[in-house]
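Chemist: just the structure for this:
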Amino acid sequence: MSKARILLADDHPKVLDAAARILQPVFDIVGREGNGRALVEAAAKLRPDAIVTDISMPVLNGIEAAKLLKDSGSTSRIVFLTVHRHPDFVKACFAAGAIAYVLKDRMSTDLLPAIQEALVGRSSISPLDTLSK
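Modeler: Below is the predicted model:
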């Protein structure tokens, strides 16, 4: 069975590297993008099974990129990886088409299971009241 194909988007290369290290043993990382516009373009070409994206990115933020993907008929599962803890961000991401919401400070524990759940159609959200130690 082939590995699920994942597209990563974040404007911080270190976050992209960390996410790739966590995900590469299980998934095929098909691309890394640094802004929302590049994410939308890459998603149209690559048609990944899942997209891991930040909210705050230049050119086009992750929420707007997710809306464009949803409106274009993309079937990629969208997982947000972000520092934003406020419930309004969670609501906005899910309204834009997200299936999962992972806090960056919980990336090592929450990202892999969130994607695995997303790929079978189940949503997940990192606990918003936790703080990194």
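Chemist: CA atoms for contacts and neighbours, from now on please.
Modeler: OK.
Chemist: Val83 is in contact with Asp105, correct?
Modeler: Yes - the pair Asp105 / Val83 is scored as a contact, 7.3 Å apart, by CA atoms under 8 Å.
Chemist: give me the most central residue, the protein.
Modeler: Val52 (2.0 Å; CA atoms, centre = their mean).
Chemist: correct me, but that residue touches Arg5?
Modeler: No - applying CA under 8 Å as the test, Val52 and Arg5 come out as separate, 10.9 Å apart.
Chemist: overlap in contacts of the two?
Modeler: By CA atoms under 8 Å, 6 or more residues apart in numbering, Val52 and Arg5 have no common neighbours.
Chemist: any stretches of the protein with poor pLDDT?
Modeler: Scanning the chain for pLDDT under 70 picks out 1, 130-133.
Chemist: before we move on, back to that, in the sheet, who's paired with the residue nearest to the centre of the chain?
Modeler: Leu8, Val79 (DSSP bridges).
Chemist: any idea which element the closest residue in space to Ala19 that isn't next to it in sequence lies in?
Modeler: Leaving aside its chain neighbours, Ala19 sits nearest to Met107 (7.5 Å; criterion: CA to CA, 6 or more residues apart in numbering). Using DSSP states H and E, Met107 maps to helix 107-119.
Chemist: which parts of this protein are strands?
Modeler: Assigned by DSSP state E, the strands in the chain fall at 5-9, 28-33, 50-53, 77-82, 98-103, 124-125.
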